[in-house]
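> Structure for the following, please:
(2 chains)
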Amino acid sequence: MSARLLSPGWKRSKAFFAGRGFTLFEVLVTITLTGFILLGILTVLQNATVFSWRSYTRGDKERVLRLVTRRLEEVLGSAYLCPYLGEELPLLTGDPQGFSLPVCREGVPGRAGFVLRGGALIYRWEGIRDGEVKEETVVTRLPEGAFSYLNGKTGIWLSLWQEDYYPRLVRLRLNWRGAEAEAAGLLPDLILPILVGTEYGIE
Amino acid sequence: MVLNSGKSGAVLLAVTWVLLILTGILITLGYQAQLESLLYTGYKEELEARAAARNLLQLVIHRLQHDESAYDAPGTIDFPFDLAYGLGYTYAAEVELWDEGSRFNLNNTPAYMWRSFFEDTPECYTVVQQWFFSQDNVPYSTPAVVRQRYLFAVEELGRLPRADAIAAYKDQIYPELTVYSPALFYLLDGETFLALLKRTGQDYGATTEMAMIDTFNRNRWDAMYQAGLFELIGRLGLPVFPDIAKLETLITTEGFLNPNFISPRHLNAVIGAPPVNSVRLYELRAIQEATPFISLDYFDAYLKEVYGENYPAYVRLYFTLKTRIWGVRIRIMGATGTSFSLTAVLERSREKALTSWAVKILSLEEERVAAGEGGTGFVE
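Below you'll find the predicted structure:
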């Protein structure tokens, strides 16, 4: 056997092809080695899958943040103010559950805003001329959340806003309930500026 | 080597299968990672472009605040990239500035001026006049004495009933219109003045309304000189004295039309049609580009050429050489062209106690121009 084991590969191959087959020992060693290799591969794959799933689940939080930030920026970054229209168009009105403000997109005036309702963040549009109302769910699985508004004149965060000027900042505090238990929890506060109405050089 | 034994093929097959499975798994994982990376990169670029546009807007505001020039004219208000670079800005971007305040504001001007403004497009005048004054949305309804509606944006003209009459002149008319300029006291008539009062929340009976219009129109010529709003309105002897504090946000007594940017059509509307044989009005654009008015005296001389000696002296109250309402458009250039656009309207004013200008953002519109791949990772 030892002579067979020590014999060069080409000779063994020659013996194998000659129809002598493998010894039991050879088969056992092969199976054992294959088992080790497969075990290693499976462990690596399992770890990679778990890692991938966890990072994807954790990424949910980041994706929620990105989505909500973008949608809020789109609305707050397009706030409309024309002081020469008088009292025709009330500015931002808001409470902890949501806000709305005038925007003018491609010449269509309307009130756009967000509402926290039934564990979801909902985008709402209401046309000023035609009264058309459109709602769109942005994010679900939000057990808690609250908006607040920074008064630029007093420097105080308020949960209600009905002033005739824009707040300097809008803050959204969200509690996210992800698919995985470890992905749940408080998201970082989203604090976004409203540039419209800002005055520079006024002392 | 003999390959036809039927046994070496089994090993080859097994190895191939294992390799295929491994490759499949790696491709799947790699695709997820690539997708995630792409989404994040797209979002990061978007954030960078937005921040870059807002930073550049701050530089434009800075420049407007520290503008010491005697007049604003085409060529003097440009914001070249070299200037931005000098201020420490390195992002690829384009800045366009224009005088928004010297455009014609249908909301704050009398209807008789609209007729002059739309002199060569009378169908536009009809549509606009009917929409502003109709008491309901039905065309040809009985017109009200005071305008009932206001434009929130110039582009709204394209959505008025029978707006197809305007559509043909869209490119010609829209760039000459605005909603962001205040009402100039010297250009008001009784109806426009009453409409402004209503916009401040005042509500009068029909008799009082008619008396206000009539009194304003009769006495306005006694109030055509440079003074504060309180004094000028005091001269009118109105039956009800209005709330000046509220009106001051809508009406100004400081001229804000810049002769270096006003269009011939607008000039025609505020001063009146020139004599038939006057061709100088239509040379206005060329004059503004080539030899801008560096003082109001030069503009006065030009008006004399156009209108003769008989145009009223108070016309000078309408104008200034320093632009008040600015339009700004910033385009951030990405690798594949414009990727982000920011359009803002700024109001610049100077109080006597201040050495530099004060600037206020009146309007802001941000837009992702090329919505390529990437983003939030959620279907929107």
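> from chain A, which residue is nearest to chain B?
Per CB to the nearest CB, A:Gly107 is where chain A lies closest to chain B, at 2.3 Å. In short, each C-beta sits where N, CA and C put it, glycine included.
> For that residue, give me its contacts.
For A:Gly107, the contact set (CB atoms under 8 Å, 6 or more residues apart in numbering or on different chains) comprises B:153-156, B:158-159.
> go with 7 Å
B:153, B:155-156, B:158 (CB atoms under 7 Å, 6 or more residues apart in numbering or on different chains).
> How many neighbouring residues does the residue lying closest to it once chain neighbours are set aside have?
Leaving aside its chain neighbours, A:Gly107 sits nearest to B:Glu155 (2.3 Å; criterion: CB to CB, 6 or more residues apart in numbering or on different chains). Neighbour count of B:Glu155, defined by other CB atoms under 10 Å in any protein chain shown: 17.
> B:Ile173 versus B:Glu155, what's the distance?
Distance of B:Glu155 to B:Ile173, computed by CB to CB, to the nearest Å: 11 Å.
> which residue does the stretch 101-250 of chain B bring closest to chain A?
Residue of the stretch 101-250 of chain B nearest chain A, by CB to the nearest CB: B:Glu155 (2.3 Å).
> And that residue, its phi and psi?
Main-chain torsions, B:Glu155, degrees, to the nearest 10: phi -60, psi -20.
> Check B:Val18 too.
Note on B:Val18: its backbone torsions stand at phi -60, psi -50 [degrees, to the nearest 10].
> Pull up the per-residue confidence for it.
Predicted confidence (pLDDT) for B:Val18: 82.
> Nearest residue to it in space, please, no chain neighbours.
The nearest residue in space to B:Val18 (CB to CB, 6+ apart) is A:Ile41, at 7.7 Å.
> what ranges do the strands span in the stretch 201-350 of chain B?
Taking DSSP state E, counting those that start in this stretch, the strands of the stretch 201-350 of chain B run over residues B:251-252, B:325-334, B:337-349.
> Let me know whether the shortest one sits next to chain A.
Put plainly, it is strand B:251-252. No. Strand B:251-252 does not reach chain A (CB under 7 Å from any CB of the partner chain); its nearest approach is 9.0 Å.
> what distance separates that strand from the middle of the whole chain?
18 Å (CA atoms, centre = their mean, to the nearest Å).
> Please apply the same query to the second one.
Centroid separation between strand B:325-334 and its chain, computed with CA atoms, centre = their mean, is 12 Å.
> Show me the strands paired with that strand, marking each as parallel or antiparallel.
Looking at strand B:325-334 with DSSP bridges, its partner strands are strand B:93-99 (antiparallel), strand B:337-349 (antiparallel).
> between those, which gets the lowest average pLDDT?
Among the strands paired with strand B:325-334, strand B:337-349 carries the lowest mean pLDDT, a mean of 86.
> buried residues in it?
Residues of strand B:337-349 classed as buried under the neighbour-count rule (16 or more other CB atoms under 10 Å in any protein chain shown) are B:338-349.
> after that strand, next one along is what?
Note on strand B:337-349: by DSSP states H and E, the next helix or strand toward the C-terminus is strand B:358-368.
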